[in-house]
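>>> predicted model and sequence follow; I will ask about them next.
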Amino acid sequence: MSTSETVAQYEGDDSRTYEIDHLGIGTPSHRGEYAVYCEGQQVADFMAFGTLLKPECQPPLPSTPELIAMAKQAVREAKED
């Protein structure tokens, strides 16, 4: 079973395609954790919410537009590092 799944993609300001993978697909303890890939390389990661919350206390997963906004922010921050 795969432990991640591409849940969204977007075209960046650099005209490259970025893919957002949800790392928690096969691992419930990673629910809400995402990685961003460009051209097969991981370029950033982010958490939609604290995964330490009990499953019944976790908010719903973000919508696609929310995920894309979070991913763009994570990529910007990764470029600053």
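Great, that's in hand.
>>> tell me how far the residue most central in space within the chain lies from Pro59.
For the chain, the residue nearest the mean C-alpha position is Tyr34 (2.7 Å; CA atoms, centre = their mean). Tyr34 is 15 Å from Pro59, where distance means CB to CB, to the nearest Å. Quick note: C-beta positions are derived from backbone N, CA and C, even for glycine.
>>> can you check Gln9 too?
Distance of Gln9 to Pro59, given as CB to CB: 23 Å.
>>> more neighbours, those two?
Using other CB atoms under 10 Å, the more surrounded residue of Gln9 and Pro59 is Gln9, with 16 against 10.
>>> show me what contacts the more buried one?
Residues near Gln9 by CB atoms under 8 Å, 6 or more residues apart in numbering: 17-20.
>>> name the residue most distant from the centre of the protein?
Glu56 (20.9 Å).
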